[in-house]
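Trainee: Need a 3D model of the sequence below.
(one chain, ligands or ions: 1)
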Amino acid sequence: MKLELEDIQNGALHPRPLPYVGAYVLLRVDDRRAGREVLRRLLPTLGDASRPADPAAQAWVSAALTYQGLKALGVPQDSLDSFPLAFKQGMAARAAPLGDVGESAPEHWESPFGSPDVHIGISALAPDAARLEAVFAPAREALQTIPGVKAIWRQDCHVPADKRNPFGFVDGLSNPAIEGSGMPGNNPQEPPIKAGEFLLGYLNEFGELPPMPAPEVLGRNGTYLAVMKLHTRVAAWRQYLRANAAGPAEEERLAAKIVGRWPSGAPLTLAPEQDDPELGDDPRRNNNFLYAGEDARGLKCPMGSHVRRMHPRDSQIIGVARLHRVFRRGTAYGPMLPADDQEDDGVDRGIVFVFVGADLERQFEFIRKEWVDNGLFIGSQGEKDPLIGSNDGTGQFTIPREPIRQRLKSLPAFVTTRGGEYFFAPGLRALRWLADLDN
Ligand code: HEM
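Mentor: Residues are numbered from 1 along each chain as shown. Take a look at the predicted model:
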(Lines give C-alpha, C1' and ligand atoms only; values in the text may rest on other atoms or scores of the structure.)
Protein backbone atom coordinates (compact mmCIF):
# COMPACT_ATOMS: atom_id res chain seq x y z
CA MET A 1 0.00 0.00 0.00
CA LYS A 2 1.41 3.38 -1.01
CA LEU A 3 1.89 5.92 1.77
CA GLU A 4 0.36 9.37 1.31
CA LEU A 5 3.66 11.02 2.14
CA GLU A 6 2.52 14.50 1.19
CA ASP A 7 -0.15 14.28 3.92
CA ILE A 8 2.10 12.84 6.64
CA GLN A 9 3.98 15.21 8.94
CA ASN A 10 7.67 14.71 8.46
CA GLY A 11 8.61 14.86 12.15
CA ALA A 12 9.15 11.12 12.33
CA LEU A 13 9.86 10.07 8.78
CA HIS A 14 12.38 12.67 7.71
CA PRO A 15 16.09 11.97 8.20
CA ARG A 16 17.58 14.67 10.41
CA PRO A 17 20.47 16.98 9.70
CA LEU A 18 23.58 16.44 11.82
CA PRO A 19 24.23 18.32 14.03
CA TYR A 20 20.83 19.82 14.72
CA VAL A 21 19.13 22.02 17.28
CA GLY A 22 15.50 21.81 18.24
CA ALA A 23 12.87 23.28 20.49
CA TYR A 24 9.77 21.76 22.02
CA VAL A 25 7.02 24.16 23.05
CA LEU A 26 3.76 23.38 24.85
CA LEU A 27 0.69 25.56 24.31
CA ARG A 28 -2.48 26.10 26.31
CA VAL A 29 -5.62 27.00 24.35
CA ASP A 30 -7.94 29.28 26.32
CA ASP A 31 -10.21 30.02 23.39
CA ARG A 32 -11.10 27.44 20.75
CA ARG A 33 -11.28 29.94 17.89
CA ALA A 34 -7.85 31.28 18.81
CA GLY A 35 -6.51 27.72 18.94
CA ARG A 36 -7.81 27.03 15.45
CA GLU A 37 -6.29 30.28 14.18
CA VAL A 38 -2.88 29.27 15.59
CA LEU A 39 -3.14 25.92 13.75
CA ARG A 40 -4.10 27.77 10.54
CA ARG A 41 -1.00 29.99 10.85
CA LEU A 42 1.21 26.98 11.62
CA LEU A 43 0.05 24.93 8.65
CA PRO A 44 2.31 26.50 5.99
CA THR A 45 5.38 25.84 8.18
CA LEU A 46 4.65 22.15 8.76
CA GLY A 47 6.84 19.88 6.68
CA ASP A 48 5.53 16.78 4.91
CA ALA A 49 7.34 13.50 4.41
CA SER A 50 7.42 13.49 0.62
CA ARG A 51 10.94 14.82 0.09
CA PRO A 52 13.16 12.85 2.45
CA ALA A 53 16.42 13.59 0.65
CA ASP A 54 15.83 17.28 -0.12
CA PRO A 55 18.52 19.30 1.71
CA ALA A 56 16.34 22.43 1.43
CA ALA A 57 13.84 20.68 3.67
CA GLN A 58 16.20 20.51 6.65
CA ALA A 59 14.27 22.79 9.00
CA TRP A 60 10.67 22.16 9.91
CA VAL A 61 7.93 22.45 12.49
CA SER A 62 5.64 19.63 13.63
CA ALA A 63 2.43 19.89 15.63
CA ALA A 64 0.53 17.45 17.82
CA LEU A 65 -2.39 17.57 20.23
CA THR A 66 -3.24 15.99 23.54
CA TYR A 67 -6.73 14.71 24.25
CA GLN A 68 -7.31 17.84 26.37
CA GLY A 69 -6.12 19.84 23.38
CA LEU A 70 -8.64 18.23 21.02
CA LYS A 71 -11.31 19.09 23.57
CA ALA A 72 -10.06 22.66 23.88
CA LEU A 73 -10.32 23.05 20.10
CA GLY A 74 -13.95 21.97 20.20
CA VAL A 75 -13.65 18.58 18.49
CA PRO A 76 -17.13 16.98 18.61
CA GLN A 77 -17.80 14.47 21.40
CA ASP A 78 -18.38 11.44 19.13
CA SER A 79 -14.97 12.03 17.62
CA LEU A 80 -13.32 12.48 21.05
CA ASP A 81 -14.93 9.21 22.15
CA SER A 82 -13.36 7.37 19.23
CA PHE A 83 -9.79 7.81 20.53
CA PRO A 84 -8.13 4.96 22.46
CA LEU A 85 -8.35 4.91 26.26
CA ALA A 86 -4.60 5.32 26.89
CA PHE A 87 -4.55 8.54 24.87
CA LYS A 88 -7.72 9.84 26.53
CA GLN A 89 -6.38 9.19 30.03
CA GLY A 90 -2.95 10.62 29.32
CA MET A 91 0.48 9.52 30.53
CA ALA A 92 0.25 10.90 34.09
CA ALA A 93 -2.91 8.90 34.86
CA ARG A 94 -1.13 5.71 33.81
CA ALA A 95 2.27 6.54 35.33
CA ALA A 96 2.58 4.02 38.19
CA PRO A 97 2.31 0.80 36.13
CA LEU A 98 4.77 2.33 33.66
CA GLY A 99 7.37 2.64 36.41
CA ASP A 100 7.06 6.38 37.03
CA VAL A 101 7.02 6.14 40.78
CA GLY A 102 9.06 7.77 43.58
CA GLU A 103 11.09 10.68 42.23
CA SER A 104 9.65 10.01 38.76
CA ALA A 105 6.00 10.16 39.90
CA PRO A 106 3.74 12.81 38.32
CA GLU A 107 3.52 14.80 41.57
CA HIS A 108 7.21 15.66 41.07
CA TRP A 109 6.91 16.43 37.35
CA GLU A 110 7.85 19.80 35.98
CA SER A 111 4.86 22.05 35.42
CA PRO A 112 2.74 21.88 33.22
CA PHE A 113 3.34 18.15 32.52
CA GLY A 114 0.48 15.96 33.65
CA SER A 115 -1.90 18.92 34.05
CA PRO A 116 -4.99 19.51 31.90
CA ASP A 117 -3.28 22.67 30.54
CA VAL A 118 -1.11 20.93 27.95
CA HIS A 119 -3.05 21.18 24.67
CA ILE A 120 -0.75 21.55 21.69
CA GLY A 121 2.87 20.50 21.35
CA ILE A 122 5.04 21.99 18.66
CA SER A 123 8.56 21.01 17.81
CA ALA A 124 10.94 22.80 15.52
CA LEU A 125 14.18 21.43 14.22
CA ALA A 126 16.99 22.94 12.13
CA PRO A 127 20.72 22.57 11.48
CA ASP A 128 21.56 25.67 13.56
CA ALA A 129 20.06 28.23 15.94
CA ALA A 130 19.53 30.93 13.29
CA ARG A 131 17.53 28.61 11.02
CA LEU A 132 15.64 27.29 14.04
CA GLU A 133 14.46 30.77 14.96
CA ALA A 134 13.57 31.46 11.31
CA VAL A 135 11.43 28.34 10.93
CA PHE A 136 9.81 29.11 14.27
CA ALA A 137 9.04 32.76 13.47
CA PRO A 138 5.46 32.29 12.18
CA ALA A 139 4.56 30.29 15.31
CA ARG A 140 6.09 32.95 17.56
CA GLU A 141 4.28 35.70 15.74
CA ALA A 142 0.98 33.85 15.96
CA LEU A 143 1.43 33.42 19.71
CA GLN A 144 2.28 37.08 20.19
CA THR A 145 -0.74 38.32 18.28
CA ILE A 146 -3.41 35.78 19.28
CA PRO A 147 -4.21 36.29 22.96
CA GLY A 148 -6.29 33.12 23.46
CA VAL A 149 -3.29 30.75 23.19
CA LYS A 150 -0.28 30.77 25.52
CA ALA A 151 3.14 29.15 25.30
CA ILE A 152 3.53 27.56 28.74
CA TRP A 153 6.77 25.56 28.44
CA ARG A 154 9.79 25.42 26.18
CA GLN A 155 12.73 23.07 26.12
CA ASP A 156 15.68 23.63 23.80
CA CYS A 157 17.47 20.51 22.64
CA HIS A 158 20.36 19.53 20.42
CA VAL A 159 22.10 16.62 18.82
CA PRO A 160 25.83 17.32 18.65
CA ALA A 161 27.87 16.32 15.59
CA ASP A 162 29.32 13.40 17.57
CA LYS A 163 25.74 12.22 18.41
CA ARG A 164 26.71 11.61 22.06
CA ASN A 165 23.97 11.62 24.68
CA PRO A 166 24.59 12.93 28.23
CA PHE A 167 26.02 9.55 29.32
CA GLY A 168 28.65 9.94 26.59
CA PHE A 169 27.21 7.26 24.29
CA VAL A 170 26.39 7.72 20.60
CA ASP A 171 22.62 7.56 20.30
CA GLY A 172 19.99 7.46 17.60
CA LEU A 173 21.58 4.68 15.55
CA SER A 174 18.82 2.11 15.31
CA ASN A 175 15.28 2.61 14.07
CA PRO A 176 13.08 0.25 12.08
CA ALA A 177 12.58 0.69 8.35
CA ILE A 178 8.92 1.54 7.68
CA GLU A 179 7.45 -0.16 4.61
CA GLY A 180 6.71 2.36 1.87
CA SER A 181 8.25 5.37 3.64
CA GLY A 182 11.24 5.65 1.34
CA MET A 183 13.46 5.93 4.41
CA PRO A 184 15.75 2.94 4.42
CA GLY A 185 16.47 1.27 7.74
CA ASN A 186 20.09 0.49 8.48
CA ASN A 187 19.69 -3.12 9.49
CA PRO A 188 19.56 -5.08 6.22
CA GLN A 189 18.76 -8.16 8.30
CA GLU A 190 15.47 -6.72 9.59
CA PRO A 191 12.66 -6.72 7.02
CA PRO A 192 10.77 -3.38 6.95
CA ILE A 193 7.94 -3.09 9.48
CA LYS A 194 4.40 -2.63 8.13
CA ALA A 195 3.42 1.03 7.92
CA GLY A 196 0.31 0.43 10.04
CA GLU A 197 2.56 -0.06 13.08
CA PHE A 198 3.46 3.60 12.85
CA LEU A 199 0.73 5.36 10.85
CA LEU A 200 -3.05 5.18 10.95
CA GLY A 201 -4.79 4.12 7.75
CA TYR A 202 -2.36 1.36 6.72
CA LEU A 203 -2.06 -2.36 7.36
CA ASN A 204 -0.13 -3.38 10.46
CA GLU A 205 1.88 -6.51 11.30
CA PHE A 206 -1.40 -8.42 11.90
CA GLY A 207 -2.52 -7.56 8.36
CA GLU A 208 -5.19 -5.29 9.87
CA LEU A 209 -5.94 -1.58 9.82
CA PRO A 210 -5.17 -0.14 13.25
CA PRO A 211 -8.16 1.39 15.05
CA MET A 212 -8.54 4.93 13.77
CA PRO A 213 -10.31 7.88 15.39
CA ALA A 214 -13.31 9.29 13.53
CA PRO A 215 -13.97 10.98 11.22
CA GLU A 216 -11.56 9.41 8.77
CA VAL A 217 -10.18 12.78 7.72
CA LEU A 218 -8.97 13.33 11.30
CA GLY A 219 -7.44 9.90 11.83
CA ARG A 220 -5.86 9.07 8.50
CA ASN A 221 -2.08 9.54 8.28
CA GLY A 222 -1.90 10.41 11.95
CA THR A 223 0.21 8.77 14.62
CA TYR A 224 0.60 8.82 18.40
CA LEU A 225 3.55 10.26 20.27
CA ALA A 226 4.73 9.59 23.80
CA VAL A 227 7.00 12.46 24.80
CA MET A 228 9.07 12.23 27.98
CA LYS A 229 11.51 14.60 29.56
CA LEU A 230 14.09 12.20 31.02
CA HIS A 231 16.68 13.57 33.41
CA THR A 232 19.98 11.66 33.33
CA ARG A 233 21.87 11.25 36.60
CA VAL A 234 25.30 11.31 35.02
CA ALA A 235 27.31 11.71 38.25
CA ALA A 236 25.46 8.77 39.83
CA TRP A 237 26.23 6.72 36.71
CA ARG A 238 29.95 7.55 36.84
CA GLN A 239 30.12 6.90 40.58
CA TYR A 240 28.39 3.55 40.22
CA LEU A 241 30.77 2.43 37.47
CA ARG A 242 33.81 3.55 39.47
CA ALA A 243 32.63 1.77 42.60
CA ASN A 244 32.02 -1.48 40.72
CA ALA A 245 35.08 -1.63 38.46
CA ALA A 246 38.77 -2.21 39.06
CA GLY A 247 39.92 0.61 36.75
CA PRO A 248 38.95 2.83 33.77
CA ALA A 249 38.99 0.00 31.20
CA GLU A 250 36.70 -2.07 33.40
CA GLU A 251 34.43 0.95 33.92
CA GLU A 252 34.04 1.29 30.17
CA ARG A 253 33.40 -2.44 29.80
CA LEU A 254 30.66 -2.41 32.44
CA ALA A 255 29.06 0.68 30.90
CA ALA A 256 29.07 -1.00 27.48
CA LYS A 257 27.54 -4.18 28.93
CA ILE A 258 24.76 -2.09 30.48
CA VAL A 259 24.04 -0.21 27.24
CA GLY A 260 24.77 -3.01 24.74
CA ARG A 261 26.94 -0.74 22.63
CA TRP A 262 30.32 0.92 23.24
CA PRO A 263 30.47 4.71 23.64
CA SER A 264 31.24 5.05 19.89
CA GLY A 265 28.03 3.18 19.06
CA ALA A 266 29.85 -0.03 18.05
CA PRO A 267 27.51 -2.92 19.02
CA LEU A 268 28.90 -5.47 21.48
CA THR A 269 27.65 -8.28 19.27
CA LEU A 270 30.10 -7.22 16.54
CA ALA A 271 32.83 -5.81 18.82
CA PRO A 272 32.70 -7.93 21.97
CA GLU A 273 36.13 -7.14 23.44
CA GLN A 274 36.74 -3.43 22.96
CA ASP A 275 35.34 -0.30 21.37
CA ASP A 276 35.74 0.03 17.61
CA PRO A 277 35.07 3.68 16.68
CA GLU A 278 35.32 2.94 12.95
CA LEU A 279 32.55 0.37 13.27
CA GLY A 280 30.51 2.71 15.47
CA ASP A 281 30.74 5.40 12.82
CA ASP A 282 29.88 3.19 9.83
CA PRO A 283 26.13 3.28 9.14
CA ARG A 284 26.40 0.26 6.83
CA ARG A 285 27.78 -1.91 9.63
CA ASN A 286 26.86 -0.46 13.02
CA ASN A 287 23.33 -1.85 13.00
CA ASN A 288 23.82 -4.84 10.72
CA PHE A 289 23.42 -7.69 13.17
CA LEU A 290 21.10 -10.17 14.83
CA TYR A 291 21.57 -11.99 18.12
CA ALA A 292 20.44 -15.62 17.87
CA GLY A 293 23.22 -17.03 15.69
CA GLU A 294 26.02 -14.74 16.88
CA ASP A 295 25.27 -14.47 20.56
CA ALA A 296 22.35 -16.63 21.71
CA ARG A 297 23.54 -16.73 25.34
CA GLY A 298 24.45 -13.08 25.61
CA LEU A 299 28.16 -13.67 26.21
CA LYS A 300 28.85 -10.66 23.99
CA CYS A 301 25.76 -8.49 24.47
CA PRO A 302 23.86 -9.40 27.67
CA MET A 303 20.18 -10.25 27.20
CA GLY A 304 19.45 -7.70 29.92
CA SER A 305 21.37 -4.77 28.36
CA HIS A 306 19.38 -1.69 27.33
CA VAL A 307 19.52 -2.15 23.55
CA ARG A 308 18.89 -5.90 23.60
CA ARG A 309 15.85 -5.49 25.85
CA MET A 310 14.48 -2.62 23.79
CA HIS A 311 14.90 -4.51 20.53
CA PRO A 312 15.62 -8.22 21.06
CA ARG A 313 15.81 -8.77 17.27
CA ASP A 314 15.77 -12.57 16.78
CA SER A 315 16.68 -13.48 20.39
CA GLN A 316 14.60 -16.19 22.00
CA ILE A 317 12.08 -14.31 24.15
CA ILE A 318 8.55 -14.83 25.43
CA GLY A 319 6.48 -12.93 22.87
CA VAL A 320 7.00 -11.56 19.37
CA ALA A 321 9.50 -8.71 19.13
CA ARG A 322 8.12 -7.29 15.84
CA LEU A 323 4.81 -6.44 17.53
CA HIS A 324 6.52 -4.06 19.93
CA ARG A 325 8.83 -2.07 17.71
CA VAL A 326 9.21 1.57 18.53
CA PHE A 327 10.30 4.43 16.37
CA ARG A 328 12.42 6.79 18.47
CA ARG A 329 13.21 10.43 18.10
CA GLY A 330 15.28 11.39 21.11
CA THR A 331 17.14 14.65 21.50
CA ALA A 332 19.59 15.64 24.24
CA TYR A 333 19.09 18.71 26.39
CA GLY A 334 21.41 20.53 28.78
CA PRO A 335 25.21 20.77 28.75
CA MET A 336 27.41 17.69 29.17
CA LEU A 337 28.82 17.07 32.65
CA PRO A 338 32.57 17.78 32.17
CA ALA A 339 34.54 14.58 31.52
CA ASP A 340 35.74 12.87 34.70
CA ASP A 341 33.52 14.96 37.04
CA GLN A 342 32.16 12.55 39.61
CA GLU A 343 30.06 15.04 41.54
CA ASP A 344 26.62 16.25 40.54
CA ASP A 345 26.74 19.93 39.52
CA GLY A 346 22.98 20.38 39.94
CA VAL A 347 22.50 21.15 36.22
CA ASP A 348 19.51 19.56 34.48
CA ARG A 349 20.59 17.41 31.52
CA GLY A 350 18.95 14.51 29.77
CA ILE A 351 16.92 13.45 26.81
CA VAL A 352 13.59 14.52 25.44
CA PHE A 353 12.46 11.06 24.38
CA VAL A 354 9.84 10.83 21.65
CA PHE A 355 8.12 7.56 20.80
CA VAL A 356 6.22 7.41 17.51
CA GLY A 357 3.72 4.62 16.88
CA ALA A 358 0.18 3.60 16.03
CA ASP A 359 -0.58 1.88 19.34
CA LEU A 360 0.47 3.48 22.64
CA GLU A 361 -0.58 0.44 24.63
CA ARG A 362 0.89 -2.37 22.53
CA GLN A 363 4.12 -0.56 21.76
CA PHE A 364 5.21 2.16 24.23
CA GLU A 365 3.37 0.97 27.35
CA PHE A 366 4.05 -2.72 26.75
CA ILE A 367 7.76 -2.05 26.37
CA ARG A 368 7.96 0.03 29.52
CA LYS A 369 6.02 -2.48 31.61
CA GLU A 370 7.33 -5.77 30.28
CA TRP A 371 10.75 -5.06 28.81
CA VAL A 372 12.05 -2.11 30.86
CA ASP A 373 10.72 -2.98 34.30
CA ASN A 374 10.24 -6.75 34.17
CA GLY A 375 12.72 -9.33 32.92
CA LEU A 376 10.28 -12.24 32.59
CA PHE A 377 10.41 -12.12 28.76
CA ILE A 378 14.12 -13.03 28.87
CA GLY A 379 13.83 -15.35 31.86
CA SER A 380 15.18 -12.82 34.39
CA GLN A 381 12.13 -11.85 36.37
CA GLY A 382 12.96 -9.10 38.84
CA GLU A 383 15.78 -7.62 36.75
CA LYS A 384 14.94 -4.23 35.24
CA ASP A 385 16.63 -2.35 32.42
CA PRO A 386 19.95 -1.38 34.06
CA LEU A 387 20.09 1.98 32.25
CA ILE A 388 16.52 3.29 32.29
CA GLY A 389 14.61 0.93 34.62
CA SER A 390 12.93 2.23 37.76
CA ASN A 391 15.70 0.80 39.95
CA ASP A 392 15.77 1.87 43.59
CA GLY A 393 19.21 0.85 44.81
CA THR A 394 18.31 -2.83 45.03
CA GLY A 395 18.36 -3.68 41.33
CA GLN A 396 20.68 -6.23 39.78
CA PHE A 397 22.06 -6.90 36.32
CA THR A 398 23.47 -10.21 35.09
CA ILE A 399 26.38 -10.24 32.67
CA PRO A 400 26.80 -13.74 31.18
CA ARG A 401 30.48 -14.73 31.28
CA GLU A 402 32.66 -17.87 31.21
CA PRO A 403 33.26 -19.66 33.52
CA ILE A 404 30.82 -17.80 35.80
CA ARG A 405 28.46 -14.94 35.23
CA GLN A 406 29.10 -11.52 36.71
CA ARG A 407 26.35 -9.83 38.67
CA LEU A 408 26.05 -6.11 39.34
CA LYS A 409 24.07 -5.31 42.48
CA SER A 410 22.48 -2.33 44.24
CA LEU A 411 21.61 -0.57 40.99
CA PRO A 412 20.14 2.91 41.50
CA ALA A 413 18.01 4.79 38.95
CA PHE A 414 20.22 6.52 36.39
CA VAL A 415 17.25 8.15 34.66
CA THR A 416 14.28 9.93 36.22
CA THR A 417 11.14 11.17 34.54
CA ARG A 418 10.56 14.92 34.75
CA GLY A 419 7.36 14.87 32.74
CA GLY A 420 5.50 13.19 29.94
CA GLU A 421 2.45 13.46 27.70
CA TYR A 422 0.65 11.47 25.03
CA PHE A 423 -0.04 13.34 21.80
CA PHE A 424 -1.83 12.65 18.56
CA ALA A 425 0.14 13.96 15.57
CA PRO A 426 -2.48 14.31 12.83
CA GLY A 427 -1.84 14.31 9.10
CA LEU A 428 -1.82 17.70 7.35
CA ARG A 429 -5.38 17.38 5.97
CA ALA A 430 -6.53 16.54 9.48
CA LEU A 431 -4.86 19.64 10.90
CA ARG A 432 -6.66 21.72 8.28
CA TRP A 433 -9.93 20.01 9.29
CA LEU A 434 -9.24 20.97 12.92
CA ALA A 435 -8.36 24.55 11.98
CA ASP A 436 -11.60 24.81 9.98
CA LEU A 437 -13.94 23.52 12.70
CA ASP A 438 -16.70 26.07 13.06
CA ASN A 439 -18.77 24.96 16.06
C1 HEM B 1 17.60 8.84 29.14
C2 HEM B 1 17.07 7.74 28.66
C3 HEM B 1 17.70 6.88 27.59
C4 HEM B 1 19.00 6.74 27.22
C5 HEM B 1 20.23 7.46 27.79
C6 HEM B 1 19.03 5.79 26.14
C7 HEM B 1 20.19 5.37 25.48
C8 HEM B 1 20.23 4.56 24.37
C9 HEM B 1 21.41 4.24 23.61
C10 HEM B 1 22.83 4.75 23.90
C11 HEM B 1 21.02 3.43 22.61
C12 HEM B 1 21.95 2.84 21.53
C13 HEM B 1 21.93 3.63 20.25
C14 HEM B 1 20.93 3.13 19.24
O15 HEM B 1 20.78 1.92 19.05
O16 HEM B 1 20.27 3.97 18.61
C17 HEM B 1 19.61 3.22 22.73
C18 HEM B 1 18.85 2.44 21.89
C19 HEM B 1 17.50 2.24 22.04
N20 HEM B 1 16.70 2.72 23.04
FE21 HEM B 1 17.24 3.95 24.54
N22 HEM B 1 17.77 5.33 25.90
C23 HEM B 1 16.92 5.98 26.76
C24 HEM B 1 15.56 5.82 26.87
C25 HEM B 1 14.83 4.93 26.14
C26 HEM B 1 13.41 4.68 26.31
C27 HEM B 1 12.51 5.38 27.35
C28 HEM B 1 13.07 3.73 25.39
C29 HEM B 1 11.74 3.08 25.12
C30 HEM B 1 10.71 3.06 25.92
C31 HEM B 1 14.27 3.40 24.64
C32 HEM B 1 14.31 2.54 23.59
C33 HEM B 1 15.42 2.28 22.81
C34 HEM B 1 15.39 1.49 21.60
C35 HEM B 1 14.18 0.82 20.97
C36 HEM B 1 16.70 1.47 21.12
C37 HEM B 1 17.21 0.78 19.85
C38 HEM B 1 17.61 -0.62 20.11
C39 HEM B 1 17.98 -1.35 18.85
O40 HEM B 1 17.30 -1.18 17.84
O41 HEM B 1 18.95 -2.11 18.89
N42 HEM B 1 15.31 4.13 25.12
N43 HEM B 1 19.14 3.91 23.82
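
Trainee: ranges for the helices of this protein?
Mentor: Assigned by DSSP state H, the chain shows helices spanning 10-13, 32-42, 67-72, 77-81, 85-89, 129-145, 216-219, 234-244, 248-259, 277-280, 292-295, 306-310, 366, 428-435.

Trainee: Switch these over to JSON lines; also include mean pLDDT, mean neighbour count and distance to the ligand.
Mentor: In this view, the C-beta of every residue, glycine as well, is placed from N, C-alpha and C. Converted to JSON lines, those look like this (pLDDT from 0 to 100; neighbours: other Cβ atoms under 10 Å; distance: least, Cβ to the nearest ligand atom, whole Å):
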{"stretch": "helix 10-13", "mean pLDDT": "78", "mean neighbour count": "23", "distance to the ligand": "14"}
{"stretch": "helix 32-42", "mean pLDDT": "97", "mean neighbour count": "19", "distance to the ligand": "28"}
{"stretch": "helix 67-72", "mean pLDDT": "98", "mean neighbour count": "22", "distance to the ligand": "21"}
{"stretch": "helix 77-81", "mean pLDDT": "98", "mean neighbour count": "11", "distance to the ligand": "27"}
{"stretch": "helix 85-89", "mean pLDDT": "98", "mean neighbour count": "16", "distance to the ligand": "14"}
{"stretch": "helix 129-145", "mean pLDDT": "92", "mean neighbour count": "15", "distance to the ligand": "23"}
{"stretch": "helix 216-219", "mean pLDDT": "98", "mean neighbour count": "18", "distance to the ligand": "24"}
{"stretch": "helix 234-244", "mean pLDDT": "98", "mean neighbour count": "17", "distance to the ligand": "9"}
{"stretch": "helix 248-259", "mean pLDDT": "97", "mean neighbour count": "19", "distance to the ligand": "5"}
{"stretch": "helix 277-280", "mean pLDDT": "98", "mean neighbour count": "16", "distance to the ligand": "10"}
{"stretch": "helix 292-295", "mean pLDDT": "94", "mean neighbour count": "14", "distance to the ligand": "13"}
{"stretch": "helix 306-310", "mean pLDDT": "98", "mean neighbour count": "23", "distance to the ligand": "3"}
{"stretch": "helix 366", "mean pLDDT": "98", "mean neighbour count": "17", "distance to the ligand": "10"}
{"stretch": "helix 428-435", "mean pLDDT": "98", "mean neighbour count": "19", "distance to the ligand": "26"}
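
Trainee: so the most centrally placed residue in the chain bridges to which residues?
Mentor: What sits nearest the mean C-alpha location of the chain, by Cα atoms, centre = their mean, is residue 354, with 2.9 Å. Taking DSSP bridges as the rule, residue 354 bridges to residue 227.

Trainee: quick revisit: dump the helices of the chain to JSON lines, plus distance to residue 162.
Mentor: Below are the helices of the chain laid out as JSON lines (distance: least, Cβ to Cβ, whole Å):
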{"stretch": "helix 10-13", "distance to residue 162": "23"}
{"stretch": "helix 32-42", "distance to residue 162": "32"}
{"stretch": "helix 67-72", "distance to residue 162": "36"}
{"stretch": "helix 77-81", "distance to residue 162": "44"}
{"stretch": "helix 85-89", "distance to residue 162": "36"}
{"stretch": "helix 129-145", "distance to residue 162": "18"}
{"stretch": "helix 216-219", "distance to residue 162": "40"}
{"stretch": "helix 234-244", "distance to residue 162": "16"}
{"stretch": "helix 248-259", "distance to residue 162": "16"}
{"stretch": "helix 277-280", "distance to residue 162": "10"}
{"stretch": "helix 292-295", "distance to residue 162": "27"}
{"stretch": "helix 306-310", "distance to residue 162": "19"}
{"stretch": "helix 366", "distance to residue 162": "32"}
{"stretch": "helix 428-435", "distance to residue 162": "34"}
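
Trainee: How about residue 63, nearest residue that isn't a chain neighbour?
Mentor: Of all residues not flanking residue 63 in the chain, residue 122 sits nearest, at 5.1 Å (Cβ to Cβ, 6 or more residues apart in numbering).

Trainee: My understanding was that the residue nearest to the centre of the chain contacts residue 364; is that so?
Mentor: No - contact criterion Cβ atoms under 8 Å: residue 354 and residue 364 do not qualify, at 10.4 Å.

Trainee: Pull up the overlap in contacts between the two.
Mentor: Residues within reach of residue 354 and of residue 364 at once, by Cβ atoms under 8 Å, 6 or more residues apart in numbering, are residue 226.

Trainee: Next to the ligand, which bits of the stretch 301-439 of the chain? Give me the list.
Mentor: With the criterion set to Cβ under 6 Å from any ligand atom, the stretch 301-439 of the chain comes near the ligand through 306-307, 310-311, 326, 328, 350-351, 353, 367-368, 388, 415.
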